[in-house]
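A.B. asks: I'd like to go over a predicted model; first the sequence, then the structure.
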Amino acid sequence: MYRHRGFLRRKVKGQILTLSLTLSLTLTLTLTLTLTLILTLTLTLTLTLTQTLTVAMTLIWRSWAQRGNIARFNTFDTIRPTERLAQASCSQNAFYLDDQMSGWEFHGNLIINSTTGVLIGGGRRNKIHGNHFVNNDKDIAFDNRGMNWESAACKSDCTSKTSSFCYITALEAVNYKNPPYSLEYPELIDIFSPSSHPCVPVGNAIDSNTYCHTKSHGGGLFIDRNVSTVQSWFSEMSNNHESCQ
């Protein structure tokens, strides 16, 4: 058990006026063929922000190689600014899978009173299921940034001349075409082939989540994409419904 009180790592441009939290962290590391991270947090968080573009309680980013990780049974409460922000385009997220981060399972979590609950930033094979969202502005945001402004990073011929980061770099670092990675995650072997639809947020599953928007700002929204759009990205969304009991 690791307990921390203080500041969190954050992706933020601007000034943070107040950030206070109490964090209890339990890590279970299981070493088999690969390393699996199971993350459980219990936290209370209050944010007061101005001049902020992007901030997240939990931000993981830029990897197609980190597979098999789980965030479960956490409570995220009040992940939002408490002052009016100067920037019109801002993002405050409880759980942010940034820059095509892939391979995470997020389940059994409770997210309360947040600007955005979960943001899937164009990643692949993330599973968001069995969570409960209460009075958030938006419960889930889902985009396809790899198909537009991040397309250079997810090409097999990506280099430092074409992009500031390349997903193939981390894959090659774990020797992804050979055991143990090729046995544990066989879908990675041909990830850059046309049939695997590189740069498309494929294989994500958003299912069996519940939500309540009785006190959400602006009426609340479960997800900012419809089923047909999600399916066009070779992902799926089903069995999500309102529950305010």
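C.D. replies: Structure received.
A.B. asks: does residue 74 touch residue 112 like I think?
C.D. replies: No. The criterion here is C-beta atoms under 8 Å, and residue 74 misses it with residue 112 at 11.3 Å. Using the backbone N, CA and C atoms, a C-beta is placed for each residue, glycine as well.
A.B. asks: what stretches of this protein score poorly on pLDDT?
C.D. replies: For the chain, the stretches flagged by pLDDT under 70 are 1-59, 61, 82-90.
A.B. asks: any idea which residue sits dead centre in it?
C.D. replies: residue 97 (2.4 Å; C-alpha atoms, centre = their mean).
A.B. asks: for the host helix or strand of that one, packing partners?
C.D. replies: Using DSSP states H and E, the secondary-structure element containing residue 97 is strand 91-98. If you count contacts as 3 or more C-beta pairs under 8 Å, 6 or more residues apart in numbering; DSSP states H and E, strand 91-98 packs onto strand 54-61, strand 116-121.
A.B. asks: then the helix or strand following the first one to PDB, C-alphas only?
C.D. replies: Heading C-terminal from strand 54-61, the first helix or strand you meet, by DSSP H and E, is strand 69-72. What follows is strand 69-72, C-alpha atoms only, in PDB (Å, rounded to 0.1, in the frame of the first residue of the first chain):
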ATOM      1  CA  ASN A  69      -3.200  -2.900 -17.700                       C
ATOM      2  CA  ILE A  70      -6.300  -2.500 -15.500                       C
ATOM      3  CA  ALA A  71      -7.800   0.500 -13.500                       C
ATOM      4  CA  ARG A  72     -10.600  -0.800 -11.300                       C
END
